[in-house]
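> have a look at this fold, sequence not included:
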């Protein structure tokens, strides 16, 4: 299992995202060949691949930021998903404790829908990034 992301790693992930061309990004295979392009907000061309015509690469004025963001995403997205899942497990543990002590807002103990959901979350495994 991976270790939780540090504040510095989370800040770095956000900095990478903020330095990339605004989204949402969308892709298009163009005519179905190996041609491919990714467009950012306002149809800014972020990436183009057309090997037949020798055109490829990150093309926007922000190409360095876009490339760094795409390359870092392979590691960051799975790590962020695991981080979110860990927080869900933490929240579920807290909810179970509150319900067992009769302190949750449902006042129905461990049999409430909220507590059942928390128990379900605790039964799931948190995947590795």
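Nice, I can see it. This structure is a prediction, so every number in the text was calculated from the model and none was measured.

> could you measure from the residue positioned nearest the centre of the chain over to residue 69?
Closest to where the C-alpha atoms of the chain average out (Cα atoms, centre = their mean) is residue 77, at 4.2 Å. Per Cβ to Cβ, to the nearest Å, residue 77 is found 11 Å from residue 69. The way it works is simple: take the backbone N, C-alpha and C, and place the C-beta from them, glycine included.

> could you point out the longest strand in the protein?
Determined from DSSP state E, the single longest strand within the chain is strand 45-50.

> ok so the residue nearest to the centre of the chain is a helix residue?
Yes. Assignment of residue 77 by DSSP: H, G, I helix; E, B strand; the rest coil places it within a helix.

> and it, what pLDDT?
Per-residue confidence at residue 77 stands at 86 (pLDDT).

> for it, give its distance to residue 68.
14 Å.

> likewise for residue 81?
20 Å.

> re earlier: which strands or helices does the next helix or strand after the longest strand of the chain pack on?
Downstream of strand 45-50, the next assigned helix or strand under DSSP states H and E is strand 55-58. Applying 3 or more Cβ pairs under 8 Å, 6 or more residues apart in numbering; DSSP states H and E, one finds that strand 55-58 contacts strand 45-50, helix 63-100.

> give me the distance from strand 55-58 to the chain's centre.
Offset of strand 55-58 from its chain centre (Cα atoms, centre = their mean, to the nearest Å): 25 Å.
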